[in-house]
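Trainee: Sequence and predicted structure, then a few things I'm wondering about:
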Amino acid sequence: MKEHLTLTKKDRLILINQYKILKELTDNDIEERQYDKNIEILLRGYELEFEYLCEFDDNIFERKECEKVLAILNLYRVITNIVNQNDYDEVKEHSRFLFEGFDGNNETEYLRYAKFYLEDPEKFEELSNGRENDSFNSHSPMLNVYERMLDEWENIPTVKKYQLTKEEILRILDAGNNY
């Protein structure tokens, strides 16, 4: 049986002040409304809703899986930058050229971690540029596709990994289509 969360008046006061600070720091209307809702829950003492305030995942997304997602994003960054510098139309037309994301139903943690980076405007902006409303939910499993592409990229000598030719890029993207 799950233990119920209880908060003292002091706990509630601290959290109310935290949410007020967060509300002042954001310019996002949705976040502001959420902070207002959280403040009301705490002010009114809606104990049933306290759990809602503290929802977070008990699972740990392991380091090796995090590194895999970052390797995939980095691969797409390299490909995107090279293609943009060289205007490789054939590569742009390839079905695997754009990062599709991960399957929200079967690769949920991978999707969440990728979005953690993709939604940060200072990280991997070249992958999300012009795709602000993209959920990066591929609606089909992609991990095996990306792993095959990473394997192909690993076959390229380290000194050339960031200076790929059009043919090498196409070979990497084609690896994602091979089943």
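Mentor: The structure has been received and is ready for your questions. Numbers count the residues shown, from 1 in each chain.
Trainee: count of residues packed around the closest residue to Lys160 other than its chain neighbours?
Mentor: Leaving aside its sequence neighbours, Lys160 sits nearest to Glu168 (Cβ to Cβ, 6 or more residues apart in numbering; 7.5 Å). Where you see a C-beta, it was placed from the backbone N, CA and C, and this is true even at glycine. By other Cβ atoms under 10 Å, 18 other residues sit near Glu168.
Trainee: Now do Glu168 against His4, distance only.
Mentor: According to Cβ to Cβ, to the nearest Å, Glu168 and His4 sit 57 Å apart.
Trainee: Lys166 now?
Mentor: The gap separating Lys166 from His4 is 60 Å, by Cβ to Cβ.
Trainee: Neighbour count: these two, which is higher?
Mentor: For Lys166 versus His4, neighbours defined as other Cβ under 10 Å are more numerous around Lys166 (14 against 9).
Trainee: tell me the mean pLDDT over the lengthiest helix in the chain?
Mentor: Ranked by residue count, the top helix of the chain under DSSP state H comes out as helix 63-86. Averaged over helix 63-86, pLDDT sits at 95.
Trainee: re the thing from before, any idea which element the residue nearest to Lys160 lies in?
Mentor: Under the criterion of DSSP states H and E, Glu168 resides in helix 166-175.
Trainee: So for the protein, which residue is the most central one in space?
Mentor: Residue closest to the average C-alpha location in the chain (Cα atoms, centre = their mean): Lys115, at 1.6 Å.
Trainee: gap between it and Gln163?
Mentor: From Lys115 across to Gln163, the span is 29 Å (Cβ to Cβ).
Trainee: Quick check: what element follows the helix or strand bottoming out on mean pLDDT in the chain along the chain?
Mentor: Least confident helix or strand of the chain, by mean pLDDT, DSSP states H and E, is helix 125-128 with a mean of 82. Using DSSP H and E, the helix or strand that directly follows helix 125-128 along the chain is helix 143-154.
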